[in-house]
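Enquirer: sharing a model that was predicted from the sequence below.
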Amino acid sequence: MQTLTVSLNERSYPIFIGESLLTQIACFAPYLKAKQILIVSNVTVAPLYLAQVKTTLTAQGYLVETHLLPDGEQYKDLAHVEGVFTALLEHRFNRDCALIALGGGVVGDMTGFAAACYQRGVSFLQIPTTLLAQVDSSVGGKTGVNHPLGKNMIGAFKQPVAVLADTSVLDTLNDREYAAGLAEVIKYGLIRDLPFLSWLEDNIQGLVARDKVLLAEAIARSCQNKADVVAADELEANDLRALLNLGHTFGHAIETAMGYGVWLHGEAVATGMLMAADLSWRLGWLAEADVARIKKLLLAANLPVTPPDSMTPEQFMSLMAVDKKVLAGKLRLVLMKSLGHAVVTADFPLAALEQTLAAGTQLGRSYD
Ligand code: NAD
Ligand code: GLY
């Protein structure tokens, strides 16, 4: 087992990465002061892993209740968080209870948000069960839900007390979801870790084949990157943490336009990252060969790299205008000054962005 730390003074917490963590009480007990625990999961993950976690905790005398969400991004909304509050109240849970998120990013974001709000805040522990959640969403304390008018628009910062990334649970993840997780792994290489990007290029076939040793290395290097960024800019008060949103402004527009759940978050981010690379190339910051490298790696990870046919540049512009990085009405994007070095900038001609959006399904053709 590897242990990393997210260093946030009194809110610092460990990230445990390894096999079969769900049955190791040492990963839970020091962090769960409460005796009343609500495990929030969903109808897909619960039949696979809930019993293990419940057994581990009840054997130690915890009072464990469970609440299952329906499965899907389309249910990541306020109505279903209210269901979590109802469960907590029905079980008469007090402020000294704790929530455990057992699932992917959707369960994690919703459970964390419920923990941030219930009786003005109770503690919560993350057990991410998708690759995406293990390398990104479970770390850093961004929680929340979608609104019909915009992705992740309602939320709160709420750090977990610990993160348990059990690599054994990834065996049951389907290939599409697994690839979506690789998109966020690749993101760290592109924004701030060029050696990691090269390592990913060298090892992408093994990662796609789910080699356990490579996977543990990729998760640890991703989590270390995320932990460093979060420690330096927990609340996204400066532009450091915003770098983690490479591809997300384009990607969130795709997710919202297509209907939540139609494109997976990681798929939309992958295409968004190539759109950001295309714009960076138009600005003279990336060479054609750089964009070709990014495209090759995303395709090798079985990720989509062209936006949906049905989306017009106008639709992109309208949805991107509600992005959380918009300041004083000005759209800001995460772009790459060079490979491994991203910046947040509003310093691009609108015409260049329009060209990227107009490229549509032709995106990236010229780099082949
Ligand atoms: P998800 O939570 O929808 O999980 C993907 C699918 O895999 C679901 O059907 C789920 O039931 C299933 N699943 C989960 N674990 C499984 C397992 N071990 N075996 C089999 N099936 C399993 O999607 P996701 O990709 O994990 O997360 C995407 C969400 O995360 C989005 O809502 C996105 O906005 C959010 N996100 C948040 C942050 C953050 O910092 N908070 C960062 C990135 C993404
Ligand atoms: N996934 C973006 C962040 O955590 O800031």
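Expert: Arrived safely. Ligands and ions are numbered 1, 2, ... in the order given.
Enquirer: can you pull out the low-pLDDT segments for the chain?
Expert: 364-368 (pLDDT under 70).
Enquirer: sec struct for Glu255, please.
Expert: helix (DSSP: H, G, I helix; E, B strand; the rest coil).
Enquirer: correction: the previous question concerned Ala165.
Expert: strand.
Enquirer: just list whatever residues bridge to it.
Expert: Ile17 (DSSP bridges).
Enquirer: that one contacts Ser20, doesn't it?
Expert: No. Applying C-beta atoms under 8 Å, one finds Ala165 not in contact with Ser20, separated by 11.9 Å. All C-beta atoms are positioned from the backbone trio N, CA, C, and that covers glycine.
Enquirer: and those two? which has more neighbours close in?
Expert: Ala165 (29 against 12; other C-beta atoms under 10 Å).
Enquirer: tell me who's in contact with the more buried one.
Expert: 15-18, 21, 128, 134, 138, 219, 223 (C-beta atoms under 8 Å, 6 or more residues apart in numbering).
Enquirer: recalculate using a threshold of 10 Å.
Expert: 1-2, 4, 15-18, 21, 126-129, 131, 133-135, 138-139, 216, 219-220, 222-223 (C-beta atoms under 10 Å, 6 or more residues apart in numbering).
Enquirer: gap between it and Leu182?
Expert: 15 Å (C-beta to C-beta, to the nearest Å).
Enquirer: ok, now Trp281?
Expert: Taking C-beta to C-beta, one finds Trp281 at 23 Å from Leu182.
Enquirer: which parts of the stretch 151-300 of the chain sit against ligand 1?
Expert: 152, 169, 172-173, 177, 180, 265-266 (C-beta under 6 Å from any ligand atom).
Enquirer: in helices, which of those residues appear?
Expert: Judged by DSSP state H, the subset of these located in helices is 177, 180, 265-266.
Enquirer: and which of the residues you listed is nearest ligand 2?
Expert: His265 (9.7 Å; C-beta to the nearest ligand atom).
Enquirer: wait, the closest one touches Gly72, no?
Expert: No. Taking contacts as C-beta atoms under 10 Å, His265 lies outside contact range of Gly72: 11.7 Å.
Enquirer: more neighbours: which of those two?
Expert: Shown here are His265 and Gly72; by other C-beta under 10 Å, His265 has more neighbours (29 against 14).
Enquirer: all the helices of the chain, in order from the start?
Expert: Using DSSP H, helices in the chain cover 51-58, 78-90, 105-117, 131-132, 175-192, 194-208, 212-232, 239-242, 248-258, 265-282, 288-300, 313-320, 350-359.
Enquirer: coming back round to it: now, which of the ones in helices among the residues of the stretch 151-300 of the chain next to ligand 1 sits nearest Arg332?
Expert: Nearest to Arg332 among these: His265, at 20.6 Å, using C-beta to C-beta.
Enquirer: contacting residues for the closest residue to Arg282 other than its chain neighbours?
Expert: Closest residue to Arg282 apart from its sequence neighbours, by C-beta to C-beta, 6 or more residues apart in numbering: Ala352 at 4.4 Å. Under the criterion of C-beta under 10 Å, 6+ apart, the contact list for Ala352 reads 278-284.
Enquirer: 7 Å instead, please
Expert: Listed by C-beta atoms under 7 Å, 6 or more residues apart in numbering, the contact set of Ala352 reads 279, 282-283.
Enquirer: and the residues you listed, which is closest to ligand 2?
Expert: Nearest to ligand 2 among the contacts of Ala352, with distances taken as C-beta to the nearest ligand atom, is Leu279, at 19.6 Å.
Enquirer: these two touch, right, Ala115 and Phe157?
Expert: No. Between Ala115 and Phe157 there is no contact under C-beta atoms under 7 Å: 11.5 Å.
Enquirer: tell me which of those two has more neighbours.
Expert: Ala115 (29 against 15).
Enquirer: for ligand 1, what is the nearest residue in the stretch 151-300 of the chain?
Expert: For the stretch 151-300 of the chain, C-beta to the nearest ligand atom, closest residue to ligand 1: Thr172, 3.5 Å.
Enquirer: mind listing what that residue touches?
Expert: Thr172 touches Leu48, counting by C-beta under 7 Å, 6+ apart.
Enquirer: how far off centre is stretch 175-186?
Expert: The chain centre lies 10 Å from the centre of stretch 175-186; the measure is C-alpha atoms, centre = their mean, to the nearest Å.
Enquirer: thinking again about what came up before, hmm, which of the residues of the stretch 151-300 of the chain next to ligand 1 are the buried ones?
Expert: Those of those that meet the buried threshold are 152, 169, 173, 177, 180, 265-266, by 16 or more other C-beta atoms under 10 Å.
Enquirer: would CSV of the residues you listed with distance to ligand 2 be doable?
Expert: Shown next, in CSV, are those (distance: C-beta to the nearest ligand atom, whole Å):
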residue, distance to ligand 2
Asn152, 9
Val169, 21
Leu173, 19
Glu177, 17
Ala180, 13
His265, 10
Gly266, 11
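Enquirer: can you pick out the most distant pair from these?
Expert: Asn152 and Val169 (24.1 Å).
Enquirer: roughly how far apart are Leu335 and Gly266?
Expert: 20 Å.
Enquirer: Leu125 touches Ile100, doesn't it?
Expert: Yes. Counting by C-beta under 7 Å, Leu125 does reach Ile100; the two are 5.0 Å apart.
Enquirer: more crowded one of the two?
Expert: Using other C-beta under 10 Å, the more surrounded residue of Leu125 and Ile100 is Ile100, with 31 against 24.
Enquirer: all set now, cheers.
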